[in-house]
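Undergrad: I would like to see how this sequence folds:
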Amino acid sequence: MSYRCGDFHLDPANRRFTRQGAAIALEPKTLAVLTQLVSRAGTLVTRDEILDAVWGHRHVTPSALNRRIALARQAFSDDADEPKYIQTVHGAGYRYIGPLELMERQEPTLPGQTLRFEAPLSARLPARVESLIGRKHDLATLTELFRSHRAVTVVGTGGMGKTQCALECARNLAAAFPDGVWFFDLAPMQSGAEWLHALAAALAIPLTDVPELLSKVLPVLQNRRALLLVDNCDRIASEVGELVSRLLRGTDALHVLATSQKPLNFAGEQLMWLPPLALPQDARRGRLEMCDIESAPAVQMLLTRIKSIQPHFNLTAANAPTVAEICRRLDGMPLALELAAARFALLSPEQALQRLDHRFRFLTGDTAGRDPRHRNLLAMLDWSYSLLSSEEQQLLGWLSIFVQGWTIDAANHLAGSLGHDLEKVLEILGGLVSKSLVAVKPGLPAPRYHLLETVREYALERLRASDEETRARAHT
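TA: Prediction:
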């Protein structure tokens, strides 16, 4: 059922409000308040009835409802003093007094036509501000994964650009999801329940406890071909994984794209590990050709960001090896490259390279709009480190003494002095791998493990702060 209100059309099932066919963006709560009034046209709807229906049994200040009423009037271009749509009954509540025609829900009339189910403003994708550099292959891989999987988690070390890669993928896939792409940033959240509350709020569903809320969310999303992008799941990965699993089991066409430093661990999850930006191919063998340097994604990223603050900077035969070395020292990590580029406002490539010996003091920034965790390398790594158990933190510090990487046998020998047997070492090392702090390079006769240089320096500083460096080196 939908409602024709003169030139306006309210379609609660599809969360749409239009005027002569043109969509009018409304916050979920405003749409819900409007639905309560229009669905009971001509009847006084008390403030308490609206608060219970829209907010559930939660304490809400009077100003919250006043604001939604004002926004609803604004959508109708209504006047509070001489209302034509929403009348205030002072001391009691509100009444819808405008024109009204009940309409059966319109079904698609053309093959392949789908009724739109739009994300509200609070859950829409952020607009693209900068182009995504060096991720063409990764984007193609991520897009291809959605052809055969309903849920994909982009996993990688902090600062690798998981969010930007996922956002770009979601934008590219938007046409395939007629019921919208819905974006949720989970970084400030402390529990999976908070995300479920945010999802319910976006759907204008009154908040209750988790089991009841799921029973209300699932029917709304059933048969909806929508994509939920849940970003920064790191701290609450397991709880989010459980909710995603239940959402997927309870719907037919819903898809989920997540980003996290560790897997969400639910049945049907497809992982895509996001690697660093590629370095010049010959950088590790000492033979650097100009064409190899300028075509490398890591170099392209650094140059693009440098030119945003130094438009006249150019890659030359003289500075190219230094630029390539900066990219190598920073592991091709997008965040580190962006922070380094900012220093080119005052420094030459050679001066910037010299200061990488103190990268945690050198690579900082205060760019507006950047997540606080990403304003310097130290804050980003502190976040990652906080995801580890105490045993994982200790072993990470000890592993930082390996400059060229290690095998499982070397890790087992090192960890033996900590009282760990082989099975325990495998468990702890597996945790470090799954949380994107230890990288694995498959090989024969056995795989090798290593830390990105930035991670290794951070872990080494932690080891020194714990006064265990001498003891760790004694067991290598």
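Undergrad: per-residue confidence for residue 420?
TA: Residue 420 is assigned a predicted lDDT (pLDDT) of 86.
Undergrad: Quick check: it vs residue 470, distance?
TA: Distance check for residue 420 against residue 470: by C-beta to C-beta, to the nearest Å, it reads 19 Å. For glycine as for every other residue, the C-beta is placed from the backbone atoms N, C-alpha and C.
Undergrad: which residues touch stretch 397-411?
TA: Residues from elsewhere that reach stretch 397-411 (C-beta atoms under 8 Å, 6 or more residues apart in numbering): 395, 414-415, 418, 425-426, 429, 432, 438, 441, 446-451, 456-457, 459-460, 462-463, 466, 468-469, 472-473, 476.
Undergrad: Residue 420 and residue 470: who's more crowded?
TA: In terms of neighbours (other C-beta atoms under 10 Å), residue 420 is the more surrounded of residue 420 and residue 470; the figures are 20 against 9.
Undergrad: Enumerate every residue touching the more buried one.
TA: Contacts for residue 420 were tallied using C-beta under 8 Å, 6+ apart; they are 391, 395, 428.
Undergrad: Could you do residue 32 as well?
TA: Residue 32 neighbours (C-beta under 8 Å, 6+ apart): 53-54, 204, 206.
Undergrad: Which of the residues you listed are buried, as a ChimeraX select command?
TA: Command for ChimeraX that selects the buried part of these, burial taken from 16 or more other C-beta atoms under 10 Å:
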select :54,204,206
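Undergrad: So residue 182, which state does it fall into?
TA: Here residue 182 is recorded as strand under DSSP: H, G, I helix; E, B strand; the rest coil.
Undergrad: residues contacting it?
TA: Per C-beta under 8 Å, 6+ apart, neighbours of residue 182: 119, 123-124, 199, 202, 226-229.
Undergrad: Can you lay out the contacts of residue 32 as a markdown table showing pLDDT, distance to residue 290 and secondary structure?
TA: Output for the contacts of residue 32, formatted as a markdown table (pLDDT from 0 to 100; distance: C-beta to C-beta, whole Å; DSSP: H, G, I helix; E, B strand; the rest coil):
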| residue | pLDDT | distance to residue 290 | secondary structure |
| --- | --- | --- | --- |
| 53 | 83 | 67 | helix |
| 54 | 85 | 63 | helix |
| 204 | 80 | 57 | coil |
| 206 | 77 | 63 | coil |
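Undergrad: Go through the contacts of residue 32 and name the one nearest residue 276.
TA: Taking C-beta to C-beta as the measure, residue 276 lies nearest residue 204 of the contacts of residue 32, at 41.6 Å.
Undergrad: Tell me if I'm right that residue 341 and residue 299 touch.
TA: No - using C-beta atoms under 8 Å as the test, residue 341 is too far from residue 299 to be in contact (11.3 Å).
Undergrad: between these two, who's got more neighbours?
TA: residue 299 (26 against 23).
Undergrad: Tell me which residue lies farthest from the centre of this protein.
TA: residue 82 (45.3 Å; C-alpha atoms, centre = their mean).
Undergrad: circling back to that earlier point, pick out whichever of the contacts of residue 420 sits closest to residue 355.
TA: residue 395 (30.1 Å).
Undergrad: Only the buried subset of the contacts of residue 182, as a PyMOL command please.
TA: A single PyMOL command selects the buried members of the contacts of residue 182 (16+ other C-beta under 10 Å):
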select buried, resi 119+123+199+202+226+227+228+229
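Undergrad: Looking at the contacts of residue 182, which are in strands?
TA: Residues of these located in strands (DSSP state E): 227-229.
Undergrad: Just after the helix ranked longest in the chain, pick out the following helix or strand.
TA: Criterion DSSP state H: the longest helix present in the chain is helix 62-76. Later in the chain than helix 62-76, the nearest helix or strand by DSSP states H and E is strand 86-89.
Undergrad: Now that following strand - C-alpha only, CSV.
TA: Provided in CSV are the C-alpha atoms of strand 86-89 (Å, rounded to 0.1, in the frame of the first residue of the first chain):
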residue,chain,number,x,y,z
ILE,A,86,0.4,18.4,8.9
GLN,A,87,-1.6,20.1,11.6
THR,A,88,-0.3,20.5,15.2
VAL,A,89,-2.8,19.8,17.9
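Undergrad: partners of whatever helix or strand comes next after that strand in the sheet?
TA: Counting by DSSP H and E, the next helix or strand C-terminal to strand 86-89 is strand 93-96. Strand pairing for strand 93-96, using DSSP bridges, gives strand 45-46 (antiparallel), strand 86-89 (antiparallel).
Undergrad: And for the shortest one, what's in contact with it?
TA: Residues external to strand 45-46 that are found in contact with it (C-beta under 8 Å, 6+ apart): 36-37, 92-95.
Undergrad: Restricted to buried residues, select these in PyMOL.
TA: Command for PyMOL that selects the buried part of the contacts of strand 45-46, burial taken from 16+ other C-beta under 10 Å:
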select buried, resi 36+37+93+94+95
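Undergrad: Just name the closest of the contacts of strand 45-46 to residue 158, please.
TA: When those are ranked by distance to residue 158 (C-beta to C-beta), residue 36 comes first, at 43.5 Å.
Undergrad: Now that closest one, what are its backbone angles?
TA: phi -60, psi -40 (degrees, to the nearest 10).
Undergrad: Surely it is in contact with residue 48?
TA: No - when contacts are counted by C-beta under 8 Å, residue 36 is not listed as touching residue 48 (11.8 Å).
Undergrad: just the contacts of residue 32 now: which is nearest residue 331?
TA: Among these, and counting by C-beta to C-beta, the member closest to residue 331 is residue 204, at 44.5 Å.
Undergrad: contacting residues for residue 39?
TA: 3, 12.
Undergrad: and what of the one 3 residues further on?
TA: When the contact criterion is C-beta under 8 Å, 6+ apart, the partners of residue 42 are 95-97.
Undergrad: possible to save those residues as TSV with pLDDT and distance to residue 64?
TA: Shown next, in TSV, are the contacts of residue 42 (pLDDT from 0 to 100; distance: C-beta to C-beta, whole Å):
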residue	pLDDT	distance to residue 64
95	95	20
96	95	20
97	94	23
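Undergrad: Relative to residue 166, which of those is nearest.
TA: For those, the minimum distance to residue 166 (C-beta to C-beta) is 41.0 Å, reached by residue 96.
Undergrad: which residues does the closest one contact?
TA: Counting by C-beta under 8 Å, 6+ apart, residue 96 makes contact with 37-38, 40-42, 85-87.
Undergrad: just checking, residue 326 touches residue 351?
TA: No - between residue 326 and residue 351 there is no contact under C-beta under 8 Å: 10.8 Å.
Undergrad: measure residue 328 to residue 358 for me?
TA: Residue 328 is 17 Å from residue 358, by C-beta to C-beta.
Undergrad: Neighbour count for these two, which is higher?
TA: Legend: neighbour count by other C-beta under 10 Å for residue 328 and residue 358, higher for residue 328 (16 against 10).
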